[in-house]
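>>> Okay, structure incoming, though there's no sequence with it:
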């Protein structure tokens, strides 16, 4: 999940005219853009899926598989909480 992204492009013109007259300093401009998700706000929010291991025999391991539908471009934390009756 990356949310909206900002993008800027700055162009600067330097040099001289054909007869050698230097162009004045400071001929510059900046364009700005915001990149948004075309599928609507929140469309790239990742979905976490935890599988159900089903029936597990006594003494066997219960294996839960976790998957994330979209990559996240920043450090994240995944926390676990076990509950139930053993």
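Noted; the coordinates are in hand. These figures come from a predicted structure and were not determined experimentally.
>>> Helices of the chain, start to end?
Counting by DSSP state H, the chain has no helices at all.
>>> so where's it uncertain?
For the chain, the stretches with pLDDT under 70 are 1-3, 37-42, 86.
>>> and with 80 instead?
The model of the chain has pLDDT under 80 over residues 1-4, 36-44, 73, 85-86.
>>> any idea how far the residue located most distally from the centre of the chain is from residue 6?
Ranked by distance from the centre of the chain (C-alpha atoms, centre = their mean), the top residue is residue 19, with 50.2 Å. For residue 19, the distance to residue 6 equals 41 Å [C-beta to C-beta, to the nearest Å]. From N, CA and C alone the C-beta is placed, and that goes for glycine too.
>>> and the closest residue to residue 47 other than its chain neighbours, how many neighbours?
Closest residue to residue 47 apart from its sequence neighbours, by C-beta to C-beta, 6 or more residues apart in numbering: residue 69 at 4.2 Å. Using other C-beta atoms under 10 Å, residue 69 is surrounded by 11 other residues.
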